[in-house]
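S.K.: Task: produce atomic coordinates for the following.
(4 chains)
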Number of protein chains: 4
Amino acid sequence: MKNVAIFGAGRIGRIHASNLAALPGVRLQYVSDPVQAAASGLAQQLGAQVASVEQILQDPGIEVVAIASPTDTHSDLITRAAAAGKQIFCEKPVNLSVPRARECAAAVQAAGVACMIGFQRRFDPTFNEARSRMDRGEIGNPEMLVITSRDPGAPPPAYIQASGGIFRDMLIHDFDVFRWILCADGDEAQWLSATGSVLTDPAIASLGDMDCTAVTIRTRKGRLCQINTSRRAAYGYDQRFEVLGSTGMLQCGNHTPSEVVQSDAQGVRRDKPENFFLQRYAAAYRLEITHFFECLQSGAPFRTTIADGVAAQQLADAASESSRSGQPVVF
Amino acid sequence: MKNVAIFGAGRIGRIHASNLAALPGVRLQYVSDPVQAAASGLAQQLGAQVASVEQILQDPGIEVVAIASPTDTHSDLITRAAAAGKQIFCEKPVNLSVPRARECAAAVQAAGVACMIGFQRRFDPTFNEARSRMDRGEIGNPEMLVITSRDPGAPPPAYIQASGGIFRDMLIHDFDVFRWILCADGDEAQWLSATGSVLTDPAIASLGDMDCTAVTIRTRKGRLCQINTSRRAAYGYDQRFEVLGSTGMLQCGNHTPSEVVQSDAQGVRRDKPENFFLQRYAAAYRLEITHFFECLQSGAPFRTTIADGVAAQQLADAASESSRSGQPVVF
Amino acid sequence: MKNVAIFGAGRIGRIHASNLAALPGVRLQYVSDPVQAAASGLAQQLGAQVASVEQILQDPGIEVVAIASPTDTHSDLITRAAAAGKQIFCEKPVNLSVPRARECAAAVQAAGVACMIGFQRRFDPTFNEARSRMDRGEIGNPEMLVITSRDPGAPPPAYIQASGGIFRDMLIHDFDVFRWILCADGDEAQWLSATGSVLTDPAIASLGDMDCTAVTIRTRKGRLCQINTSRRAAYGYDQRFEVLGSTGMLQCGNHTPSEVVQSDAQGVRRDKPENFFLQRYAAAYRLEITHFFECLQSGAPFRTTIADGVAAQQLADAASESSRSGQPVVF
Amino acid sequence: MKNVAIFGAGRIGRIHASNLAALPGVRLQYVSDPVQAAASGLAQQLGAQVASVEQILQDPGIEVVAIASPTDTHSDLITRAAAAGKQIFCEKPVNLSVPRARECAAAVQAAGVACMIGFQRRFDPTFNEARSRMDRGEIGNPEMLVITSRDPGAPPPAYIQASGGIFRDMLIHDFDVFRWILCADGDEAQWLSATGSVLTDPAIASLGDMDCTAVTIRTRKGRLCQINTSRRAAYGYDQRFEVLGSTGMLQCGNHTPSEVVQSDAQGVRRDKPENFFLQRYAAAYRLEITHFFECLQSGAPFRTTIADGVAAQQLADAASESSRSGQPVVF
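M.R.: Sure thing, here's the model as predicted:
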């Protein structure tokens, strides 16, 4: 039985906490959140206790911590938890600054603790099935990747202001998918070009951010990746990618609430995609945390390490720079 | 907090027990099964205790029992649990004999306890979404229903021998779907014709059963229902229905493990349906037991009552008779 | 160059005439129709001449006649054309009376002329692809067939009155599909049960006909076929079948005008099926008449003979009888 | 009756010639091709005569010429036909050199003749339906376009050598689609970035060309377009685009030979896309040439003018340049 504490009792914290609490062999002991009502509500629901960060880090009975607090607290908590010898699961991103993320990675390594970064898409049943088929050679050598990533609607301005910009906030996942799908054999990004616009809400422009982007990456081996994103899709959360290989193509479609098909005078209609990430990635979040504990148990490497977190952040930085300068970045 | 006991620690018992154990406000206290290893294994996994039927029924702290034991024990357990004043959830069927099922229903009514019969298809997200759209009038007046119900492979002969025949064992669900979808306004079956064959395994014929059937039902209002079933589908568990209404059609498709589409020299390929009922109806089983406790809490009527269990059984009897005689049954 | 005359310049006559006129090696010489304006309009459009039935049958230069006139003229024209030594293409049905259809078949045989009956569905690219895959063994031994056949809306009462009833008018095609798909190895219908209702328009009941039907056929080998039809589908012309075999299933879906998928707040919407038979079977009509002339050229047997016409008519008779009596027909 | 001559009796010439010959009101009088056997074969098949370019241009009875000869002859034939006062239909491209294409456009304008350039994709039933829905406002303001354009396999080296490179040869169509879909309100490309690789065949690299490309275009209004192409797709000819608008998305899927769905132990399989452009765009070629003559008749403007040809060529030039320099082109 592993005793676990979670930092963060907000939207994503509650997801991870519930999944943790349902895992066999895991006991969620503490919930920590500066908002006391959030912490105590979640703790009560799951039979845990409220504790401060300090209490948790000093409790030798706590072997594992899950970090699901706001982005700007991630790197501090990772560093402190590593120093305290805890095993760490941390939501993406490590830090919006690549140098600071690298420091974190170094601290983790120095402490010799395990640290997994939560890129949940790699655990999505559809996306992961595609990766498995590639591993089995079903499409030969991967050549091109097209990622479509669209939110149902833009977040509030306050969120955007603190987000580090669309490339670091939203495309970070897409950059990780790019690396996971096209660079599994050690290939790497060599050339990246990004551009974007503000098409959905002028307020986003006034914050210096974009709401629609188009990124192209060419790898050292000449593979090509195109990413298109928007903060708004009238039909809901659109999460797809397709990868072309030398002997075939894999397309990952959206998930839907039901398999009902309605035919009437207007046409033949299926469901919109699952509403947003909490629905679409519900299974992924469960499978991700299960994987984390399985790896702790078996000693197998994590599917998503802190190095993956740093690498995705670097691509996000490059894309931000390219979109500002209008020039490509060469690595 | 409601204390619950479950009868049956086999395949379906384990499903219900896990779902019960995960429900907020519910405590799974006892597991009962004549196979002690099964009972204790399940009890241990879920933090419950092993108990005998007698112990459970005599324990005044147990408010609710879930019956997931073999079919031939259902009616006895219902009757005894009703006499002991327990609220009852029972897997289908009530009993393979309609008169005995009716006695059970009477016993339940006399005891004034709640009794829900587990027709899990009514809780399947896809099937239930179709019913909801019908309730909202999206296809007008329902006119025709086509049900396709095919297992991935035939069960072993021993199972078939005790099953009551394909109409009572397999089509019981389809008859319930017929009533749910076409008879919601009080309509009823008026004319039923059934036929069938043995096409997959001669052993099934030697047991006096069939493995492929075709049933047609006409209701009093003239609605038409066709059911086709097979014990074998090379592509897996095939669970679909489509209902034609005066202003449109609803089709319920199969669920798949992933939304990957693979294109290669052989064509454009999607996943086979979910493997069998434990996978396909995983969500349905969860939603079914949740509904049961919500109704206990709120006093709202169950979606599937013991009367539904008797009615489906009657249709199964009629279909068995019709398939033997080659003549339709008129109600 | 084969000289051809066509009888009938109505809806279906114009289809066949245009297809004939576009065939290399074929010259459409005459158009005949009691409605002179129809005949001359069509003749002029296609560079042909108007002629009477007598003129056509007496012209030794005419080798082939295509019969696309009203149903009640088919058998007379077949008999007379056979007597005149013409090769014959005739739209279904041969005659609404099976004995009269049999006489026709005998007359054709006696005259030693070729006679193909137009069951165009056997030439539909989708349906024919399914049949080809069965021929290649891709689904093993066929076991069950489900046919869905729905018109966008009921024809006018005058049409229905002269139609011979829904089984002879509309299901004749479905009976032919049944024989084509399930009886290719010499199997035959052994047991047939049909029922139906009037759900769309009471006027149809007053004409003694039905608008919704459900037919089940069991073959000598125990194969099962279910046919469901309606005179009305709010979403258009619905023409599908699916056949389950021992190692797989083939489903034939509807054709659509385009492959556009529209996603918006209402869902993910595709086109309705092609509007009606002239659109859906446009390619089938072309391929059918091409096949006819190829067989004339090569001496290969027609895919659909006058014997097929008689056999489908017998099934239609049996279904009419069964739906009236409420009892199955055993062959 | 309009008398028409066609230049070119090769693959695409035969398509246009057959379509011309089947049009009511059009008479295909001459076929011209330096390869006499090709010219006479096609002429004979369609009831036309062989003639030289000179004979055709000097024949005052010829009102219209269709140019379907090799790419490097297009601009000369346009110029000469314009000087001879013929109405002109010409296959894309006008010329691989933009200045020369502009001269052609000027010559056409000076001569006051009609000249349509054959961008057949604008006449594809699926693509055109998408455009029509945009015109009806069904997805609001267009914001992003993703074009996927993949050939089943690379052409022979000799073809590639004379092709002007992949951007001018293959993406010319995609650039026209970009303008048609995103720039219908007068918007224009402002920024273009292109990159590419050789992944399928090193011989292509040795010819100085690429076989996989990724292009991004941003318009003056900030709309984004991404194009991904490959000379090889193991599953056939892949021709899709999707356009995201402010209130919805339109996706244009591939066309397939049939609507058969095969389910077996391997999965649920549909047809591959239509094999190549002659199949996929068969309807488009027919509708294109019909449109051309309808416009000649009515005086309505062509959907694709010589100006469109020049504009697409400019984008192809920019993409070639960008892919060489690694830098974006700003217009």
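S.K.: any idea how far the closest residue to A:His16 other than its chain neighbours lies from A:Lys92?
M.R.: Closest residue to A:His16 apart from its sequence neighbours, by CB to CB, 6 or more residues apart in numbering or on different chains: A:Ala68 at 5.0 Å. All C-beta atoms are positioned from the backbone trio N, CA, C, and that covers glycine. Counting by CB to CB, to the nearest Å, the separation of A:Ala68 from A:Lys92 is 11 Å.
S.K.: Can you pick out the residue with more neighbours from those two?
M.R.: Shown here are A:Ala68 and A:Lys92; by other CB atoms under 10 Å in any protein chain shown, A:Ala68 has more neighbours (25 against 19).
S.K.: Distance of the more buried one relative to A:Asp174?
M.R.: 21 Å.
S.K.: One more: A:Val310?
M.R.: The value you get for A:Val310 to A:Asp174, if CB to CB is used, is 16 Å.
S.K.: who has more neighbours, those two?
M.R.: Using other CB under 10 Å as the criterion, A:Val310 and A:Asp174 rank with A:Asp174 on top: 27 against 20.
S.K.: which residues are in contact with whichever strand or helix holds that one?
M.R.: Using DSSP states H and E, A:Asp174 sits within helix A:171-182. Identification of contacts with helix A:171-182 by CB atoms under 8 Å, 6 or more residues apart in numbering or on different chains yields A:92-93, A:119, A:121-122, A:127, A:130-131, A:134, A:142, A:145, A:147, A:149, A:189, A:213, A:215, A:217, A:219, A:223, A:225, A:227, A:229, A:241, A:243, A:304, A:308, A:311-313, A:315-316, A:319.
S.K.: ok, then the element right after that helix?
M.R.: strand A:189-197.
S.K.: and that following strand, C-alpha only, in CSV?
M.R.: Written as CSV, here are the backbone C-alpha positions of strand A:189-197 (Å, rounded to 0.1, in the frame of the first residue of the first chain):
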residue,chain,number,x,y,z
ALA,A,189,12.9,18.5,-34.9
GLN,A,190,15.3,20.3,-37.1
TRP,A,191,13.2,23.2,-38.6
LEU,A,192,10.0,24.8,-37.2
SER,A,193,7.8,27.5,-38.6
ALA,A,194,4.8,28.9,-36.8
THR,A,195,2.3,31.5,-37.5
GLY,A,196,-1.1,32.5,-36.2
SER,A,197,-3.9,34.9,-36.0
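S.K.: Note down every partner strand of it and its orientation.
M.R.: Paired neighbours of strand A:189-197 in the sheet (DSSP bridges): strand A:212-219 (antiparallel), strand A:329-330 (antiparallel).
S.K.: can you pull the contacts of the most centrally placed residue in chain A?
M.R.: Closest to where the C-alpha atoms of chain A average out (CA atoms, centre = their mean) is A:Phe119, at 3.3 Å. By CB under 8 Å, 6+ apart, the residues touching A:Phe119 are A:92, A:173, A:176, A:180, A:304, A:308-309, A:312.
S.K.: Include pLDDT and distance to C:Thr195 when you put the residues you listed into CSV, please.
M.R.: Below are the contacts of A:Phe119 laid out as CSV (pLDDT from 0 to 100; distance: CB to CB, whole Å):
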residue, pLDDT, distance to C:Thr195
A:Lys92, 92, 61
A:His173, 97, 56
A:Asp176, 98, 59
A:Trp180, 98, 57
A:Thr304, 96, 60
A:Asp308, 96, 63
A:Gly309, 94, 65
A:Ala312, 96, 63
